[in-house]
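Enquirer: I'll drop the sequence and a predicted model, then ask my questions.
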Amino acid sequence: MNLLTKRGDLFPSVFGNFFDDFFKDDFMTPAFVGNNVPAVNVSEEKDQYKIEVAAPGMEKDDFKLNLDHRVLTISCEKKKEEEKKEKKYTRKEFSFTSFKRAFTLPESVNAEKIDASYKEGILHINLQKKAEAQKAEAKAIKIS
């Protein structure tokens, strides 16, 4: 006989799936709050690497970028506080959102030529490659 039973098995609920879907972490919150980490795209081009961080609702001043021994750290912190006083009650709401991501950069990145911008909810980071690391374009060789 199994004495350990999951709580859901004791009382099957008709509304279980409805409430599970309704109260998910991402309901009415920014995409990364439930996961604590935003989605990131990393791509490589001939002369640079690109990192795109999906962080809607932030402002560029909320971000901090730090490079230490080839480790690029992206962090973000946003605090919001709102207080509303009415005749018989006071409502005070606040929220706090933060995350931190770290990437070990390849030696081919030129640490002096890293730039970032924030536009339309996406943090764009461009990591220029060193001249010697940039791949030469492929060319056809004529056989004589």
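Expert: Nice, I can see it. Numbers count the residues shown, from 1 in each chain.

Enquirer: can you map out the strands along this structure?
Expert: Ranges of strands in the chain, per DSSP state E, are 40-44, 48-54, 63-68, 71-85, 90-104, 109-119, 122-129.

Enquirer: Mind putting the ones you listed into a markdown table with distance to residue 142 and mean pLDDT?
Expert: In this view, the C-beta of every residue, glycine as well, is placed from N, C-alpha and C. Output for those, formatted as a markdown table (distance: least, CB to CB, whole Å; pLDDT from 0 to 100):
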| stretch | distance to residue 142 | mean pLDDT |
| --- | --- | --- |
| strand 40-44 | 30 | 93 |
| strand 48-54 | 31 | 95 |
| strand 63-68 | 44 | 95 |
| strand 71-85 | 43 | 87 |
| strand 90-104 | 42 | 85 |
| strand 109-119 | 34 | 95 |
| strand 122-129 | 29 | 96 |
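
Enquirer: any chance of those in TSV, with distance to residue 139 and mean neighbour count too?
Expert: TSV is the format used below for the strands of the chain (distance: least, CB to CB, whole Å; neighbours: other CB atoms under 10 Å):
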stretch	distance to residue 139	mean neighbour count
strand 40-44	20	12
strand 48-54	22	18
strand 63-68	35	12
strand 71-85	33	13
strand 90-104	32	12
strand 109-119	25	13
strand 122-129	20	19
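
Enquirer: Could you check how far the nearest residue to residue 122 once chain neighbours are set aside is from residue 41?
Expert: Leaving aside its chain neighbours, residue 122 sits nearest to residue 52 (5.4 Å; criterion: CB to CB, 6 or more residues apart in numbering). Computed as CB to CB, to the nearest Å, the residue 52 to residue 41 distance reads 4 Å.

Enquirer: Then residue 121?
Expert: 13 Å.

Enquirer: Count the neighbours of residue 69 for me.
Expert: 6 (other CB atoms under 10 Å).

Enquirer: List the residues that contact it.
Expert: Shown in contact with residue 69 (CB atoms under 8 Å, 6 or more residues apart in numbering): no residues.

Enquirer: Could I get the phi/psi values of residue 86?
Expert: Dihedral angles phi and psi of residue 86 (degrees, to the nearest 10) take the values phi -120, psi -170.

Enquirer: Need the pLDDT of it.
Expert: Looking at residue 86, its pLDDT is 79.
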